[in-house]
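>>> Got a predicted structure here, sequence first:
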Amino acid sequence: MTDFNTLFDQIVAELGGRNSVMALLNVGPSALSNYRKRGTIPSAKQALLDKALAQKGLKFEADDLRLSAHNSAEIRRILLIITGGIAAYKALDLARRLMERGLSVTGVMSKGAQEFITPLSVAALTGEKVYTDLFSLTDEAEMGHIRLARETDMVLVAPATAHFITKMALGMADCLASTICLATTAPVMIAPAMNPQMWAHPALQQNLNTLVQRGVEIIAPATGDTACGEVGAGRLEEPIIIAEQVSTRLRQTYQNGPLSGKHILITSGPTIEPIDPVRFIANRSSGKQGHALAAEAVKRGARVTLVSGPVTEAPPAGLTHISIETAHQMKEACEAALPADSVICAAAVADWHVVGASTSKQKKTEAGPTVITLATNPDILASLSHHDKRPSLVIGFAAETDNLETAAREKHRRKGCDWLIANHIAADAKHSVFGANTNKVLFISSETCEEWPNLKKTDVARRIFDRMEAWFDGD
Ligand code: CTP
């Protein structure tokens, strides 16, 4: 095995000598000496070296300290569209994180983005030309916008402003970035960033739903302090998380898992129904089972849409996560996500909502507690089972305290689903399945009723997907 310094000399020679390598890495001679002394290269610089080596058909094998032949089809290309919000500066870190994962990044910047960061900084970091102008004669001659849109493995818009999301939903083509989004045939992911009120606005949410319906994957913003001083959902997700979701999505798209090509829709967590802005009614649910199912579906290569109520569980990487609160919102999000090959309704949907929920806090009065009137929520599982675009395999869950098998069989018939996974719920919440890591279930279909042993929720998910794979294979 070669030592690091011999290998480093070999790399320098392959890339045209010390001066070319210093120019490529944008460093001076002392940096090269430091890499030799330390026996490592910083990851961002390594990514630049990897790319240059790949262009020469070579690959740096870090574990074996050797150069080997590189299959250029292994390098995935990302078109990173940066639009104009304060979070644009995070696109630089994002580009670095993507490159650390072996991806090649080409920047496209909207006019607004250039108010926050310069094309030069993106170009220096990615080692690639940055594209900004739809009507640039030189750019069009070198790489027309259609070729740019087509010769990529993924389009990632990060940060995606409310304005740009609206343009995408409308199908506008009034700038290079929006034109690429229309012309591309590659998967499109967007990571929105904006003020929390703007994020929550129905107009924006409707536009997002339109995009989801067209197969765009949303990397939902994080909750916390935003640049405008308000607290809530709207902050660009951490670059490292975005990069992880992008690379998982690329693996799914371009590597074959047993469920690749299948779209699986999963509901998870509770729904919460407001009484007023500070009070709500809800069902108990940790979202652990639903999220475990989603993670398993991703592992098996499916395209996954997870529609989830508020839970502490983080959404697994590599899927489209749609965060909702009420049953009506959950139903709308599920219908917008159709068509799907299978749906698994694991959410604990509140059966009722409060009629005339107040928009201001209800005050206590001498007259005693406020009387609330409830109305029945839509049954999402039943409506998907009878939908025009019914997924071919519809799976429900049931939570019962009494007569598990009889109640579950009746529910299986009533809901019109193909399979029903039934849990026994202890009357005492302390010993119940809620929040636990294990689950003991009955598996019910029209042909069978099986009792599964007490299993980890992740193992319940595995068994369900083993069944699903066999079902899709026609066994
Ligand atoms: N479900 C749904 N929409 C509802 C209620 C339930 O999609 N409004 C789904 C759940 O996600 C689950 C299944 O239906 O997959 C059964 O949920 P469960 O709460 O056990 O049953 P309910 O329909 O609420 O019936 P009941 O309250 O009579 O037990």
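Cool, got the structure. Numbering: from 1, shown residues only.

>>> so what's residue 431 scoring on pLDDT?
In this model, residue 431 is scored at 53, pLDDT.

>>> Residue 159 contacts residue 192, doesn't it?
Yes - taking CB atoms under 8 Å as the definition, residue 159 is a contact partner of residue 192 at 6.9 Å. From N, CA and C alone the C-beta is placed, and that goes for glycine too.

>>> which SS class is residue 140?
Here residue 140 is recorded as helix under DSSP: H, G, I helix; E, B strand; the rest coil.

>>> Let me know how buried it is, in neighbour terms.
Residue 140 has 16 neighbours, counted by other CB atoms under 10 Å.

>>> The one 4 residues further on now?
Using other CB under 10 Å, residue 144 has 12 neighbouring residues.

>>> which parts of the strand or helix carrying residue 412 are buried?
According to DSSP states H and E, residue 412 maps onto helix 404-415. Residues 404, 407-409, 411-412, 415 are the ones in helix 404-415 that count as buried (16 or more other CB atoms under 10 Å).

>>> What of stretch 95-112?
Applying 16+ other CB under 10 Å to stretch 95-112 flags 95-110, 112 as buried.

>>> What of stretch 169-176?
For stretch 169-176, the neighbour count (16+ other CB under 10 Å) marks 169, 173, 175-176 as buried.

>>> Closest to residue 361 out of those residues?
Using CB to CB, residue 169 is the member of these that sits closest to residue 361, with 34.3 Å.

>>> returning to that earlier point: could you point out the helix or strand that follows the helix holding residue 412?
That would be, after helix 404-415 and using DSSP H and E, strand 419-424.

>>> So what's the gap between that following strand and the chain middle?
Averaging C-alpha positions (CA atoms, centre = their mean, to the nearest Å) puts strand 419-424 28 Å from its chain's average.

>>> again with stretch 248-262
Offset of stretch 248-262 from its chain centre (CA atoms, centre = their mean): 14 Å.

>>> And it, end to end?
Taking CA to CA, to the nearest Å, stretch 248-262 runs 16 Å from one end to the other.

>>> Equivalent analysis for stretch 109-126, please.
Taking CA to CA, stretch 109-126 runs 13 Å from one end to the other.

>>> for stretch 111-126, same thing?
With CA to CA, one end of stretch 111-126 sits 19 Å from the other.

>>> Mean confidence (pLDDT) on that stretch, please.
Taken as a whole, stretch 111-126 has an average pLDDT of 96.

>>> which parts of it are buried?
112-114, 116-117, 119, 122, 125-126.

>>> my read: residue 230 touches residue 200, true?
No - using CB under 8 Å, residue 230 is not in contact with residue 200, being 10.8 Å away.

>>> Which of the three states applies to residue 45?
Under three-state DSSP, residue 45 falls in the helix class.

>>> Check the burial of it by counting its neighbours.
Each residue near residue 45 was counted by other CB under 10 Å, and the total is 18.

>>> All the strands of the stretch 101-250 of the chain, residue numbers only.
Assigned by DSSP state E, counting those that start in this stretch, the strands in the stretch 101-250 of the chain fall at 104-109, 154-160, 188-192, 217-218, 222-225, 231-235.

>>> To the ligand, which of the ones you listed lies closest?
Nearest of these to the ligand, taken as CB to the nearest ligand atom: strand 217-218 at 21.9 Å.

>>> just to revisit the earlier point, buried deepest among the strands of the stretch 101-250 of the chain, which one?
strand 154-160 (a mean of 28; mean count of other CB atoms under 10 Å).

>>> buried set for stretch 261-278?
For stretch 261-278, burial by neighbour count (16+ other CB under 10 Å) applies to 262-276.

>>> Is residue 116 in contact with residue 92, as I believe?
No - with contact defined as CB under 8 Å, residue 116 does not count as touching residue 92 (10.3 Å).

>>> Need the residues that contact stretch 437-450.
Residues from elsewhere that reach stretch 437-450, judged by CB atoms under 8 Å, 6 or more residues apart in numbering: 288-289, 404-405, 408-409, 412, 418-424, 433, 451-457, 460, 463, 467.

>>> follow-up on the earlier one: which neighbours do residue 159 and residue 192 share?
What both residue 159 and residue 192 touch, as defined by CB under 8 Å, 6+ apart, is the set residue 236.

>>> where's the strand or helix carrying residue 81 relative to the chain centroid, distance-wise?
Assigned by DSSP H and E, residue 81 belongs to strand 77-82. Relative to its parent chain, strand 77-82 has a centroid offset of 16 Å by CA atoms, centre = their mean.

>>> And it, what does it pack against?
Packing partners of strand 77-82 (3 or more CB pairs under 8 Å, 6 or more residues apart in numbering; DSSP states H and E): helix 90-100, strand 104-109, helix 119-126, strand 154-160, helix 176-183.

>>> would you list these in TSV and tack on distance to residue 36?
Below are the helices and strands packed on strand 77-82 laid out as TSV (distance: least, CB to CB, whole Å):
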stretch	distance to residue 36
helix 90-100	21
strand 104-109	26
helix 119-126	24
strand 154-160	35
helix 176-183	41
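
>>> re earlier: could you dump the strands of the stretch 101-250 of the chain to a markdown table with distance to the ligand?
A markdown table is the format used below for those (distance: least, CB to the nearest ligand atom, whole Å):
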| stretch | distance to the ligand |
| --- | --- |
| strand 104-109 | 40 |
| strand 154-160 | 30 |
| strand 188-192 | 27 |
| strand 217-218 | 22 |
| strand 222-225 | 25 |
| strand 231-235 | 24 |
